[in-house]
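A.B. asks: make a model of this:
(one chain, ligands or ions: 1)
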Amino acid sequence: MICCVPFTTAARVWGGVMKSGRQTTLRQQTALSGVGVHSGLPVTITLHPADAGSGLRFVRSGINGGRDREIVADIGAVAATEFATVLGDANGPLISTAEHVLSALCGLGVDNATVEVDGPEAPILDGSAAPFVAAIDQVGLQLLDLPRRYLKVLKPVRVALADAFGEIRPNPRGFRVEAEVEFDNTMIGRQSLALDVRPDTYRRDIARARTFGFMRDVANLWSAGYALGASLENTLVVSDHRILNPEGTRFPDEFVRHKMLDAIGDLALAGGPILGTYRTVKGGHKLNYAVLCALMEDASAWIWVEDVAPRPVRGHIDVGLRPAPAFGPEIS
Ligand SMILES: [Zn+2]
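C.D. replies: Reported below is the predicted structural model:
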């Protein structure tokens, strides 16, 4: 059920919706068209409003001779994590490169939405989440009449993969990401950034960071069927000693910022906003997924909690959290 409390500007979204403790969705649908960065295929993605409690879902439409297929965006839907996060069902992969739109939805505090994609891969657009943010901001968010439900991390969970390392640990104040990248390349080197993820910080510091790749990898990627839609319009391309894009970088540390963007999208597969701090060192989609799986598999490491209505306590307003009914993603 959708109640009619419109919030149209970014400031009002942050000041009203996020602090209300209630779930959100989009006020109306919005669509973007482009090509898939790996497939090179043209595609339209439509973000639809969804009911409270339904979470983030994908619908793959436009299947030749087939019915639309729907997937709940949770870790059970992850079909692959090579070069992109691919979601699918028992019949196989359905939607590739889901992480950027998930990142925008999570970053802006959208709890419920149905993401319809009429091709096998979400469009790469300019390589960042900024076009999704602009589209969501244009229609605005709507408050729903169920309390927001958070996945609260109760104890640290760590995963190491080769020289990459990921950890999620408790943070009752909100969702924070600490990221570090290190590449043997003079244009990147070592970059690190830590950020409390909220709609205002997401818009300012994360959304515009673009996908990046290395010129030396292009031939191998193409021969493996990846990056067929990549261009300087949608990918920050790095050679040994320079950035090939004529406009250069949007941030001096755009690379680590994009890693954060990806991590926020991948962790949206928790099924709700996280109260925790995620640290990723030299990570990627595979590590993000592995940490989320390790967390969810340990039932003592997390709990669903939901916002309770603000109540006055000795002259000030206290916003509390209480255990939520168990209707989270199934774990198997
Ligand atoms: Zn990415």
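
A.B. asks: from here on, contacts and neighbour counts on C-alpha atoms
C.D. replies: Noted.

A.B. asks: low pLDDT regions in the chain?
C.D. replies: 1-20, 308-332 (pLDDT under 70).

A.B. asks: and it, which of its residues are near the ion?
C.D. replies: The chain has residues 211, 262 near the ion, with proximity defined as C-alpha under 5 Å from the ion.

A.B. asks: how about a cut-off of 8 Å?
C.D. replies: 84, 97, 99-100, 127-128, 210-212, 258-259, 261-262 (C-alpha under 8 Å from the ion).

A.B. asks: so which of those residues comes closest to E247?
C.D. replies: R210 (12.5 Å; C-alpha to C-alpha).

A.B. asks: which residues of the stretch 151-300 of the chain fall in helices?
C.D. replies: 199-201, 218-223, 254-267, 285-297 (DSSP state H, counting those that start in this stretch).

A.B. asks: now do the longest one: which elements does it pack against?
C.D. replies: Contacts of helix 254-267 with other secondary structure elements, assessed using 3 or more C-alpha pairs under 8 Å, 6 or more residues apart in numbering; DSSP states H and E, are made with helix 99-107, strand 175-182, strand 190-196, helix 285-297.

A.B. asks: give me whichever of the helices of the stretch 151-300 of the chain is most buried.
C.D. replies: Of all these, helix 254-267 carries the top mean neighbour count, a mean of 27, counting by mean count of other C-alpha atoms under 10 Å.

A.B. asks: pull the contacting residues for the residue nearest in space to the middle of the chain.
C.D. replies: Residue closest to the average C-alpha location in the chain (C-alpha atoms, centre = their mean): G265, at 1.7 Å. Listed by C-alpha atoms under 8 Å, 6 or more residues apart in numbering, the contact partners of G265 are 98-104, 106.

A.B. asks: can you check T280 too?
C.D. replies: Counting by C-alpha under 8 Å, 6+ apart, T280 has contacts 164-167, 177-180, 288.

A.B. asks: residues contacting stretch 212-229, please?
C.D. replies: 35-41, 235-239, 255.

A.B. asks: run the chain-centre distance for it.
C.D. replies: Here stretch 212-229 is found 23 Å from its chain centre; the criterion is C-alpha atoms, centre = their mean, to the nearest Å.

A.B. asks: please export the C-alpha coordinates of it as CSV.
C.D. replies: Presented in CSV, the C-alpha positions along stretch 212-229 are these (Å, rounded to 0.1, in the frame of the first residue of the first chain):
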residue,chain,number,x,y,z
PHE,A,212,37.1,1.6,-15.1
GLY,A,213,39.2,-0.8,-17.1
PHE,A,214,42.7,-1.3,-18.4
MET,A,215,43.7,-1.0,-22.0
ARG,A,216,46.0,-4.1,-21.6
ASP,A,217,42.9,-6.2,-20.7
VAL,A,218,40.7,-5.2,-23.7
ALA,A,219,41.8,-7.9,-26.1
ASN,A,220,41.3,-10.7,-23.6
LEU,A,221,37.9,-9.3,-22.4
TRP,A,222,36.7,-9.1,-26.0
SER,A,223,37.8,-12.6,-26.9
ALA,A,224,36.0,-13.9,-23.8
GLY,A,225,32.8,-12.0,-24.8
TYR,A,226,33.0,-9.2,-22.3
ALA,A,227,33.2,-5.5,-22.6
LEU,A,228,31.7,-5.6,-26.1
GLY,A,229,29.7,-2.3,-25.3
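
A.B. asks: how about the residue nearest to the centre of the chain: what's its closest non-neighbour residue?
C.D. replies: Nearest residue to G265 in three dimensions, chain neighbours excluded: S103, at 3.5 Å (C-alpha to C-alpha, 6 or more residues apart in numbering).

A.B. asks: what's the burial count for the one you found?
C.D. replies: By other C-alpha atoms under 10 Å, 28 other residues sit near S103.

A.B. asks: listing partners with orientation, what would you give for the stretch of helix or strand E70 belongs to?
C.D. replies: If you go by DSSP states H and E, E70 is part of strand 69-72. Next to strand 69-72 in the sheet, as set by DSSP bridges, lie strand 56-60 (antiparallel).

A.B. asks: dump the helices of the stretch 151-300 of the chain into TSV; add distance to P147 as well.
C.D. replies: Below are the helices of the stretch 151-300 of the chain laid out as TSV (distance: least, C-alpha to C-alpha, whole Å):
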stretch	distance to P147
helix 199-201	18
helix 218-223	44
helix 254-267	20
helix 285-297	22
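
A.B. asks: would you agree M296 is in contact with W302?
C.D. replies: Yes. Between M296 and W302 there is a contact at 7.3 Å, judged by C-alpha atoms under 8 Å.

A.B. asks: picking that back up, do you know how far the residue nearest to the centre of the chain is from A113?
C.D. replies: 14 Å (C-alpha to C-alpha, to the nearest Å).

A.B. asks: again with F251
C.D. replies: Taking C-alpha to C-alpha, one finds F251 at 30 Å from A113.
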